[in-house]
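Q: heads up, no residue letters with this:
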């Protein structure tokens, strides 16, 4: 039996490219999330069990709101809502794989709590599944 030694991911030097622009400096979270639905059809016989599942994916982004910079992530999502945009997430910039996907763009919230950085979190659904690209 092989012993598999992990290389734990420390999430601090990330590449997040949306439509060719690097938005990692604005984000504090970028998480690809599988959303899985499972069901089992039970027939009339004891062994008639037919499992089925489907998985769709989304990218959860938490980011700081920046409405002053014309190229900010907040403005980009607002201006492109409803579009499908090519995106790359590379969890470790110097090594390891990256994940490419097509995101359905939705905007983040506007405003927030007084005397703090205005942040927001959005869940962007993927069109299809992410593709793992080896380094």
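A: Perfect, thanks for sending it. Everything numeric here is computed off the predicted structure, so don't read it as measured data. Residues are numbered from 1 along each chain as shown.

Q: residue contacts, the closest residue to residue 112 other than its chain neighbours?
A: Leaving aside its sequence neighbours, residue 112 sits nearest to residue 118 (C-beta to C-beta, 6 or more residues apart in numbering; 3.7 Å). For every residue, glycine as well, the C-beta is placed using N, CA and C. Listed by C-beta atoms under 8 Å, 6 or more residues apart in numbering, the contact set of residue 118 reads 64-65, 111-112.

Q: most distant residue from the middle of this structure?
A: Note on the chain: the largest C-alpha distance from the chain mean falls to residue 45, namely 42.0 Å (C-alpha atoms, centre = their mean).

Q: confirm it sits in a helix?
A: No - counting by DSSP: H, G, I helix; E, B strand; the rest coil, residue 45 is not part of a helix but coil.

Q: quick one, phi psi at it?
A: Main-chain torsions, residue 45, degrees, to the nearest 10: phi -100, psi 150.

Q: what about it, distance to residue 38?
A: Residue 45 sits 21 Å away from residue 38, going by C-beta to C-beta, to the nearest Å.

Q: next, name the residue at the spatial heart of the chain.
A: Centroid-nearest residue in the chain: residue 59, 1.9 Å away (criterion: C-alpha atoms, centre = their mean).

Q: against which helices or strands is the helix or strand that one falls within packed?
A: Assigned by DSSP states H and E, residue 59 belongs to strand 49-64. If you count contacts as 3 or more C-beta pairs under 8 Å, 6 or more residues apart in numbering; DSSP states H and E, strand 49-64 packs onto strand 27-42, helix 73-79, strand 98-104, strand 119-125.

Q: before I go, just wanted to say thanks for your time.
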